[in-house]
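>>> Need a 3D model of the following:
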Amino acid sequence: MPTIVRFGNIIMFMNYVDHNPPHVHLLGPDVSCLLAIRDGQLLEGFITNKALKIAQKYITENRSKLMELWDRYQK
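Model (predicted):
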């Protein structure tokens, strides 16, 4: 489970050979969720509003990089 980035005590990571749609995992205090890379929407789990906004901004600014990682990790 490669860590992509940390937001304080929250980590964003991807799993190898994971299910679609392309997504990232977030884990930390009061956060355990999957967010879609395509649009940053919450796919499952729970996340605070503050952490969601930070993660969605990161996803928006790094969508191409995240999709490259997704493709690499799914092979």
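
>>> Now do the strands in the chain.
With DSSP state E, the ranges of strands along the chain come out as 3-7, 10-13, 23-28, 31-36, 42-46.

>>> so of those, which one's packed in deepest?
Each of the strands of the chain was given a mean neighbour count from mean count of other CB atoms under 10 Å, and the largest, a mean of 21, is that of strand 23-28. Any C-beta I mention is one placed from the backbone N, CA and C, and that applies to glycine too.

>>> Can you tell me the strand partners of that one and which way each runs?
Take DSSP bridges as the rule and strand 23-28 pairs in its sheet with strand 10-13 (antiparallel), strand 31-36 (antiparallel).

>>> what's E44 in contact with, if anything?
Taking CB atoms under 8 Å, 6 or more residues apart in numbering as the criterion, E44 is in contact with 33-34.

>>> Could you list everything it pairs with in the sheet?
With DSSP bridges as the criterion, E44 is bridged to L34.

>>> For P21, see how far away it is.
Per CB to CB, to the nearest Å, E44 is found 11 Å from P21.

>>> Ok, R38 next?
Counting by CB to CB - R38 and P21 are separated by 7 Å.

>>> Also T48?
Taking CB to CB as the measure, T48 and P21 are separated by 23 Å.

>>> List the buried residues for stretch 40-59?
Of the residues in stretch 40-59, those buried under the neighbour-count criterion (16 or more other CB atoms under 10 Å) are 40, 42, 47, 51-52, 54-56, 58-59.

>>> from those, which two are the most distant?
Of all pairs drawn from the buried residues of stretch 40-59, the widest gap by CB to CB lies between L42 and Y58 and measures 14.5 Å.

>>> What number of residues are in the vicinity of D71?
A count of nearby residues for D71, using other CB atoms under 10 Å, gives 10.

>>> mind checking how far it is from R63?
13 Å.

>>> List the residues that are in contact with both of these two.
In contact with both D71 and R63: no residue, using CB under 8 Å, 6+ apart.

>>> biggest helix in the protein, by residue count?
helix 49-61 (DSSP state H).

>>> Compute the inter-axis angle for that helix and strand 42-46.
Angular relation of helix 49-61 and strand 42-46 on a 0 to 180 degree scale: 150 degrees, by axes from the mean of the first three to the mean of the last three CA atoms, to 10 degrees.
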